[in-house]
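Peer 1: Pasting a predicted model and its sequence here:
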Amino acid sequence: MTASNSNARDRRLFELDLQFKKPAGTSKGVLHSRPTWILAEQKPAGIALGEAGPLHWLSRETADEVRAAGSAWTDGKDEPSEVASVRFAQEMIDRDAGDHILFPSAFTEGKSELAINGLIWMGPRDEIERQVSNLLDRGFQCLKMKVGAADWAQEQEILRWIKQSAPDAELRVDANGAWTPTESTVKLQQLADCGVKSIEQPIDPGQPHELAALCESSPVDIALDEELIRCSNPAELLDLVRPAGIVLKPSLIGGFAVSETWIKLAEERGIYWWATSSLESGVGLNALAQWLAVRAGDRIHGLGTGSLYVENIESPLVLKGQSLTFDPEKPWNLNLLPGFTGH
């Protein structure tokens, strides 16, 4: 962990390297740690926090660009950053009076809850089965499995086993662009045969015409994910591709305001949406959960990443079964942010 600060304003930038409890497998490789940057500003009610957490294989910015933009903010630059994840962190800071309540609601009062999906990481067959059994025992009704890195025949076997074990559960998969358009045509039908409801990003972004053809013929819903990150014309993309859904990652696409634009355009076109975390610390996860609690209706989102790390910034978020709740009496733990130990 490193920190920088400016004496002109009581602002600091903390660089964290969060360590996974277990290696996290994706089609883009295995993750052992996750770097992220925390923006902190002293305000009358306490310490306002924002998180800039790019993912190196997905984000359009580099770690150096995040570090530079964060440092500019500590030096007093208040204009919305051109760096997507830093702009998201600035939005958090602007909404936070120092008590970390960004979107006051029944959720932040501890009176409502937010349903989330259970995330299944890639790994050996026995480890995947342990993950699934644990999630089902805890009452999850929507499961999402990462696909695209292991043997495809084995992945199908696992998906069929999951569906047999929980026939009423909604089954989602995320390929992270692992397949070519040609092989996707066959695999999408095989996913349907396994009982899969939807898939996120079957092919790499930047192939809109191929993606449009897949969306038109696919027997399972296709939701755009990585495709949104570098998109400069959301309306044009949605009109061309006509996906069943979109997956919002505010950390990667530039924050809440950008996400709201995508939501408006999608809903106008009858396209559904949900949001997922991008492996943020408790700071980013808290912001996402509060936003979705006032925005999401009865959709099931992907926010089950709070317990992945050996050490994390602990927030009042509590996972009970498949529901994320907010305990107003639970204190924050800012031990990873030395010198800022307020609320």
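Peer 2: That came through, no problem.
Peer 1: I'd like to know how many residues surround the closest residue to A213 other than its chain neighbours.
Peer 2: Distances taken as Cβ to Cβ, 6 or more residues apart in numbering place P181 nearest to A213, at 7.4 Å, with adjacent residues excluded. Just so you know, the C-beta spots here come from the backbone N, C-alpha and C atoms, and that holds for glycine as well. Applying other Cβ atoms under 10 Å, we find 15 residues neighbouring P181.
Peer 1: P181 and A293: what is the separation?
Peer 2: Separation of P181 from A293 (Cβ to Cβ, to the nearest Å): 37 Å.
Peer 1: Give the full set of residues in contact with the most centrally placed residue in the chain.
Peer 2: Centroid-nearest residue in the chain, with Cα atoms, centre = their mean: S277, separated by 1.7 Å. Residues near S277 by Cβ atoms under 8 Å, 6 or more residues apart in numbering: 249, 251, 284-285, 288, 302-303, 305.
Peer 1: try 7 Å this time
Peer 2: Shown in contact with S277 (Cβ atoms under 7 Å, 6 or more residues apart in numbering): 284-285, 288, 302-303, 305.
Peer 1: Equivalent analysis for L49, please.
Peer 2: 38, 40, 92, 96, 100, 283.
Peer 1: Export these to TSV and append columns for distance to R269 and pLDDT.
Peer 2: Output for the contacts of L49, formatted as TSV (distance: Cβ to Cβ, whole Å; pLDDT from 0 to 100):
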residue	distance to R269	pLDDT
I38	36	98
A40	39	97
M92	29	98
D96	33	97
H100	35	97
V283	33	97
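Peer 1: Keep only those of those that are in helices.
Peer 2: Judged by DSSP state H, the subset of those located in helices is 92, 283.
Peer 1: most surrounded residue in the contacts of L49?
Peer 2: Counting neighbours by other Cβ under 10 Å, V283 leads the contacts of L49 with 30 neighbours.
Peer 1: And that residue, how far from Q42?
Peer 2: Counting by Cβ to Cβ, the gap from V283 to Q42 is 16 Å.
Peer 1: Checking A287 next. Helix, strand or coil?
Peer 2: helix (DSSP: H, G, I helix; E, B strand; the rest coil).
Peer 1: Can you get me a residue count around it?
Peer 2: Residues contacting A287 under the criterion other Cβ under 10 Å number 29.
Peer 1: And for P124?
Peer 2: Around P124 there are 11 residues (other Cβ under 10 Å).
Peer 1: same thing with Q131?
Peer 2: Q131 has 18 nearby residues by other Cβ under 10 Å.
Peer 1: Can you name the residues that contact it?
Peer 2: Going by Cβ under 7 Å, 6+ apart, Q131 touches 120-121.
Peer 1: give me the element it is part of.
Peer 2: In this assignment (DSSP states H and E), Q131 forms part of helix 125-137.
Peer 1: With I246 instead?
Peer 2: Going by DSSP H and E, I246 is part of strand 245-248.
Peer 1: K187 now?
Peer 2: helix 181-193.
Peer 1: buried ones in that helix?
Peer 2: Under the neighbour-count criterion of 16 or more other Cβ atoms under 10 Å, helix 181-193 has 184, 187-188, 190-191 buried.
Peer 1: Repeat that for stretch 219-227.
Peer 2: Neighbour-count burial for stretch 219-227 [16+ other Cβ under 10 Å]: 220-227.
Peer 1: Ok, stretch 267-276 next?
Peer 2: Neighbour-count burial for stretch 267-276 flags 271, 273-276 (criterion: 16+ other Cβ under 10 Å).
Peer 1: out of these, which one sits closest to L171?
Peer 2: L171 has its nearest neighbour among these in W274, at 14.4 Å by Cβ to Cβ.
Peer 1: Helix or strand: which one has the closest one?
Peer 2: Using DSSP H and E, the element containing W274 is strand 272-275.
Peer 1: Kindly export that strand (C-alpha atoms) in PDB.
Peer 2: The C-alpha trace of strand 272-275 is given here as PDB (Å, rounded to 0.1, in the frame of the first residue of the first chain):
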ATOM      1  CA  TYR A 272     -32.900  -5.300 -20.100                       C
ATOM      2  CA  TRP A 273     -29.900  -4.500 -17.900                       C
ATOM      3  CA  TRP A 274     -28.200  -5.500 -14.800                       C
ATOM      4  CA  ALA A 275     -25.000  -4.300 -13.100                       C
END
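Peer 1: Name the residues that touch it?
Peer 2: Residues from elsewhere that reach strand 272-275, judged by Cβ under 7 Å, 6+ apart: 244-248, 250, 263, 266, 288, 292, 299-302.
Peer 1: One more pass at 10 Å, please.
Peer 2: By Cβ atoms under 10 Å, 6 or more residues apart in numbering, the list of residues contacting strand 272-275 from outside reads 116-117, 142, 172, 198, 200, 221, 223-224, 243-250, 259, 262-263, 265-267, 288-289, 291-292, 295-296, 299-303.
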